[in-house]
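Engineer: Generate a structure from the sequence data that follows.
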Amino acid sequence: MNGFDAIDALLAGVKEEVPLPPAGERRALREALNLSRAQLARALGVAASTVGGWESGRDPSGEVREKYAYFIEGARERLAGSTAHEAPDEEPSDDTEAENDGDTEADNDGADPGQAEVPARTGEDSGQDDDDVLAAPQPCVLCGQPARHQLAGFPQHLDPAECGTPEPAQPVESAEPVPITEPVRPVESAEPVQAPEPAQPVQATEPAEPERPVSRQAARQPARGGRHDQAPSGVRVVPVGRRVQAAADAPDPIGSAVAAVLTQHAGDAEAATAALVKRAIPDAMALLDQTRRGGRYDIVAHPWLPDMLRKQTARGADQIWEARPKWTRPELPAGAHEVTALDINGAYLSALKTHLPIGQLEHSTGDHHDRRRAGVHLITPPDWDHDAVLPNPIGNRDEPGPLWVTEPTLRLLLRLSGPKYALCDSPEIHESWTSGATEGLLEKFRVVLKDARDRAIAEDDDVTLEYVKQMYSKFVSTLGESNYNRELYRTDWMHIIRSQAFTNLWWKAHRAYDEGLMVVRAMGTDELHVVGDWRAVFAEGRGVTEVKVKDVYTVGTERPEAAQPPEDRP
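Structural biologist: From the prediction side, this is the model:
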């Protein structure tokens, strides 16, 4: 009886899922209330990208489904009680509606992939996801004075004139520029530009020829030796919807977060770093949402995954082979060799630029590769006959036969089998799970992190440097079956990004070999050991396109001098 009672109790506790309207109606209800995705996401305790997924056809489940259904029902009642053509709070003007509608993800077909869009600063809440009106003023993270708006979750003044933070020095404004249809001559202005030397006319490229009008292309470039050398530099701008905005005025979520945490911990760098590391995953997801705003493609955040992308046991691994290199040259020439171990900077950060599937993976069979798609592939890899000088592109694998590889590994093998390199035979493709793909899906996300990393290095800012490193490394490591990231579940992305990092290291090894260096070891994503003048091949530094020295050691001994031949020998 106890067993049946337990079953009855179980069945009694089962709740039917609350019905939800179609995806289009969900979005229409939210927009009719002039609410942004970020506002709704905060109320429900999820990310803005999750709300975007619900409005694209994906359904929530569990408790959050009930909360979302409660919002939908409340939105319907609120709109039903309003008069026709009137929004619940304040009806935006026609111009504002047109601008907002044109900036949505679904309608912005002409935007760059991954382009972050920031609404024009009109002094009102524009209904977009990147800035929101606060219910009560809060201290600005930049100047500490009361602010009524927030950017990327941080209270901040939208108008620089209202912010007490000292403005960066602005370049001296000169008189009107020289019309490009006139020959280049000294400019006469009411307020001449202050320069160390008087303005001189720009000399023609060849003195023997007479002066001629300057083309549009040449007019954009400063003329060497002329007054343009003394002119103030231009204002760098970034696209924001239909407009452009000064890059210096663009929101800086990473800098704002670091500044806020440092203030919270009274400038204690160690404590601030620890606090930022703990929030690296949610902050990375928020940054992804911001950089994806206005993008062409809607990411499928929680797709159904085939069995080879699922763990076979709770603590086991799935069936994807990432081609991690762990190679050592079997033999060096006789003699002593100075080996330099090079460290590849930001390996996973660079690997974010890779072909990623956008939607749910679809199955196909046959020995065919479509470069417009990306995913995982079951292949029989070709034999590799160059282990003596270069690592195997599929890494160290002892078992023969077919294996599941990712898009970067397959593309590497196909390229090496082509006529340009001809280093191996073409791999045999048996079946594939792929989706339409783009290489720029995470490009804006990558660039923001890279720029923040570069600034941190230039300013010797270890707090920001560690924060950025944790953001991109934890972003990659938690894309799979992780309890720390519930917003984006793309095990295929995790394997593809890792494999791209391994592929990038392989190409660096090939470049070293091609330039005459002796490649000794290739390990993981960021370690390459070489013999020879590596500085003639790689730039040294801390940038993502540069390498730094991890270790220098010597292998082998000098050969003894050869015995001298007898004097009487001819």
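Engineer: which regions of the stretch 51-200 of the chain lie under the pLDDT threshold?
Structural biologist: 82-133, 135, 141-144, 149-200 (pLDDT under 70).
Engineer: Got the phi and psi for the residue lying closest to residue 366 once chain neighbours are set aside?
Structural biologist: Distance criterion Cβ to Cβ, 6 or more residues apart in numbering; nearest residue to residue 366, sequence neighbours excluded, is residue 429 at 7.2 Å. All C-beta atoms are positioned from the backbone trio N, CA, C, and that covers glycine. Note on residue 429: its backbone torsions stand at phi -90, psi 130 [degrees, to the nearest 10].
Engineer: need the helices for the stretch 351-500 of the chain, in chain order.
Structural biologist: Under the criterion DSSP state H, counting those that start in this stretch, helices of the stretch 351-500 of the chain are mapped to 407-416, 443-458, 462-477, 491-514.
Engineer: Quick check: what element follows the longest one along the chain?
Structural biologist: Read that as helix 491-514. Next along the chain after helix 491-514, taking DSSP states H and E as the criterion, comes strand 518-523.
Engineer: Could you check that next one and say which residues are buried?
Structural biologist: Within strand 518-523, the residues scored as buried using 16 or more other Cβ atoms under 10 Å are 518-523.
Engineer: what does stretch 494-507 give?
Structural biologist: Neighbour-count burial for stretch 494-507 flags 494-506 (criterion: 16+ other Cβ under 10 Å).
Engineer: ditto for stretch 421-440
Structural biologist: Neighbour counts over stretch 421-440 (16+ other Cβ under 10 Å) mark 423-424, 427, 429, 432-435, 437-438, 440 as buried.
Engineer: just to revisit the earlier point, out of the buried residues of strand 518-523, which is nearest to residue 467?
Structural biologist: Of all the buried residues of strand 518-523, residue 467 sits closest to residue 523, with 26.4 Å by Cβ to Cβ.
Engineer: So the closest one is in contact with residue 325, correct?
Structural biologist: Yes. Look at residue 523 against residue 325 with Cβ atoms under 8 Å: they come within range, at 6.7 Å.
Engineer: Let me have the buried residues of stretch 494-507 in TSV, adding pLDDT and distance to residue 360 as columns.
Structural biologist: Written out in TSV, the entries for these read as follows (pLDDT from 0 to 100; distance: Cβ to Cβ, whole Å):
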residue	pLDDT	distance to residue 360
494	96	16
495	96	16
496	97	15
497	97	18
498	96	21
499	96	20
500	96	21
501	96	25
502	96	25
503	96	24
504	96	27
505	96	30
506	97	30
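Engineer: Tell me which two in these are the farthest apart.
Structural biologist: Pairwise distances across these peak at 19.2 Å for 494 and 506 (criterion: Cβ to Cβ).
Engineer: which stretch of helix or strand covers residue 71?
Structural biologist: Assigned by DSSP H and E, residue 71 belongs to helix 63-80.
Engineer: who touches that helix?
Structural biologist: Helix 63-80 has contacts (Cβ atoms under 8 Å, 6 or more residues apart in numbering) with 17-21, 26, 29-30, 32-33, 40, 43-46, 54, 59-60, 88.
Engineer: Tell me the spacing between residue 532 and residue 342.
Structural biologist: Here residue 532 is placed at a distance of 12 Å from residue 342 (Cβ to Cβ, to the nearest Å).
Engineer: got any ranges where the protein has weak pLDDT?
Structural biologist: Using pLDDT under 70, the flagged stretches of the chain are 1-3, 9-10, 12-16, 82-133, 135, 141-144, 149-233, 236, 238-250, 559-570.
Engineer: domain assignment for it?
Structural biologist: Using automatic domain parsing, the domain parsing of the chain gives 1-107, 129-159+249-294, 307-555.
Engineer: Closest one of the buried residues of stretch 494-507 to residue 331?
Structural biologist: Using Cβ to Cβ, residue 506 comes nearest to residue 331 of these, at 20.5 Å.
Engineer: The closest one: what's its closest spatial neighbour, skipping adjacent residues?
Structural biologist: Nearest residue to residue 506 in three dimensions, chain neighbours excluded: residue 393, at 5.9 Å (Cβ to Cβ, 6+ apart).
Engineer: okay, now the closest residue to residue 352 other than its chain neighbours: neighbour count?
Structural biologist: Counting by Cβ to Cβ, 6+ apart, residue 352 lies nearest to residue 446, which is 4.1 Å off, once chain neighbours are set aside. Neighbour count of residue 446, defined by other Cβ atoms under 10 Å: 22.
Engineer: how about residue 446, what does it touch?
Structural biologist: Residue 446 touches 349-350, 352-353, 472, counting by Cβ under 8 Å, 6+ apart.
Engineer: repeat for residue 270
Structural biologist: Not one residue lies near residue 270 by Cβ under 8 Å, 6+ apart.
Engineer: what about it, distance to residue 466?
Structural biologist: Between residue 270 and residue 466 the computed distance is 10 Å (Cβ to Cβ).
Engineer: How much space separates the residue nearest to residue 518 when sequence neighbours are not counted from residue 329?
Structural biologist: Leaving aside its sequence neighbours, residue 518 sits nearest to residue 531 (Cβ to Cβ, 6+ apart; 4.0 Å). Distance, residue 531 to residue 329, using Cβ to Cβ: 9 Å.
Engineer: same thing with residue 381?
Structural biologist: Counting by Cβ to Cβ, the gap from residue 381 to residue 329 is 21 Å.
Engineer: Those two - which one has more neighbours?
Structural biologist: Neighbour count, other Cβ under 10 Å: between residue 381 and residue 329, residue 381 has more, with 23 against 18.
Engineer: Hmm, the more buried one is touching residue 395, no?
Structural biologist: No. Using Cβ under 8 Å, residue 381 makes no contact with residue 395, being 10.1 Å away.
Engineer: In contact with the spatially closest residue to residue 442 that is not a sequence neighbour: list those residues for me.
Structural biologist: Counting by Cβ to Cβ, 6+ apart, the nearest residue to residue 442 once its immediate chain neighbours are dropped is residue 352, at 4.5 Å. Residues near residue 352 by Cβ under 8 Å, 6+ apart: 442-443, 445-446, 472, 476, 497.
Engineer: Looking at the buried residues of strand 518-523, which is nearest residue 310?
Structural biologist: Of all the buried residues of strand 518-523, residue 310 sits closest to residue 523, with 28.5 Å by Cβ to Cβ.
Engineer: returning to that earlier point: please check the contacts of residue 352 and keep the buried ones.
Structural biologist: 442-443, 445-446, 472, 476, 497.
Engineer: how about these, which pair is most distant?
Structural biologist: For the buried ones among the contacts of residue 352, the maximum inter-member distance is 15.3 Å, found between 443 and 476 (Cβ to Cβ).
Engineer: tell me the strands in the stretch 301-450 of the chain, going along the chain?
Structural biologist: 320-321, 326-328, 337-344, 356-357, 362-365, 373-380, 403-406, 428-438 (DSSP state E, counting those that start in this stretch).
Engineer: What number of residues are in the vicinity of the nearest residue to residue 556 once chain neighbours are set aside?
Structural biologist: Excluding the flanking residues, the one nearest residue 556 by Cβ to Cβ, 6+ apart is residue 336, at 4.7 Å. Residue 336: 11 surrounding residues under other Cβ under 10 Å.
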